[in-house]
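J.: Coordinates only, no sequence provided:
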Ligand SMILES: N=c1c2ncn([C@@H]3O[C@H](COP(=O)(O)OP(=O)(O)OP(=O)(O)O)[C@@H](O)[C@H]3O)c2ncn1[C@@H]1O[C@H](COP(=O)(O)O)[C@@H](O)[C@H]1O
């Protein structure tokens, strides 16, 4: 998932805070609270493992999408943004952050004349 899509989804999720729980799935989760959100993360993680055990590629992708989505809701519940997770992953790649990753990619594209 591109960082732009993650940021967009995080914005949409944040916009659902205080929205009508009858009209929005995310508003319903926020309304139910932290335990309900964390329960969904656990369920989706379990469903991902089950899909992987079945070796069903399409189902794995579907369940990981559910897991990522509910992880974004959990991050929002704790006032966190996906950019913080991406920055941590970049740091583990030996980069100072997302900006350095983007700059490196741009350099590689320039070098390849793309
Ligand atoms: N990307 C998603 C998304 N991915 C998964 N889900 C929901 O996550 C749930 C997955 O849980 P399950 O597979 O256990 O299915 P379920 O039995 O229906 O779930 P529960 O009702 O038991 O919680 C389903 O209800 C899916 O609809 C999502 N719900 C919303 N979005 C996006 O979030 C944004 C805001 O959505 P609303 O809050 O509904 O406007 C929109 O851009 C949506 O496209």
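T.: Yep, it's here. Remember, it's a predicted structure, so these values are computed and weren't measured experimentally.

J.: tell me which parts of this protein are close to the ligand?
T.: Counting by C-beta under 6 Å from any ligand atom, the residues of the chain close to the ligand are 12, 16, 24-27, 40, 43, 66, 69. For the C-beta atoms, the positions are set from N, CA and C on the backbone; glycine is no exception.

J.: out of those residues, who has the most neighbours?
T.: residue 26 (22 neighbours; other C-beta atoms under 10 Å).

J.: Look up the closest residue to that one, ignoring the ones flanking it.
T.: residue 16 (3.9 Å; C-beta to C-beta, 6 or more residues apart in numbering).

J.: wait, that neighbour sits on residue 30?
T.: Yes. Contact criterion C-beta atoms under 8 Å: residue 16 and residue 30 qualify, at 6.6 Å.

J.: and the residues of the chain next to the ligand, which two are the farthest apart?
T.: The largest separation in the residues of the chain next to the ligand, counting by C-beta to C-beta, is between 12 and 43 at 21.3 Å.

J.: in this structure, which segments are predicted with low confidence?
T.: Filtered on pLDDT under 70, the chain yields the residue ranges 1.

J.: And the helices in it?
T.: Along the chain, counting by DSSP state H, helices occupy 3-15, 25-32, 34-54, 57-77, 82-92, 98-112.

J.: Please point out which parts of the third one sit buried.
T.: In other words, helix 34-54. Neighbour-count burial for helix 34-54, counted by 16 or more other C-beta atoms under 10 Å, picks out 37, 40-41, 44-45, 47-48, 51.

J.: And for the fourth one?
T.: By neighbour count, and taking 16+ other C-beta under 10 Å as the criterion, the buried residues in helix 57-77 are 60, 63-64, 66-67, 69-77.

J.: List just the nearest of the residues you listed to residue 111.
T.: Of those, the one sitting nearest to residue 111 (C-beta to C-beta) turns out to be residue 64, at 32.3 Å.
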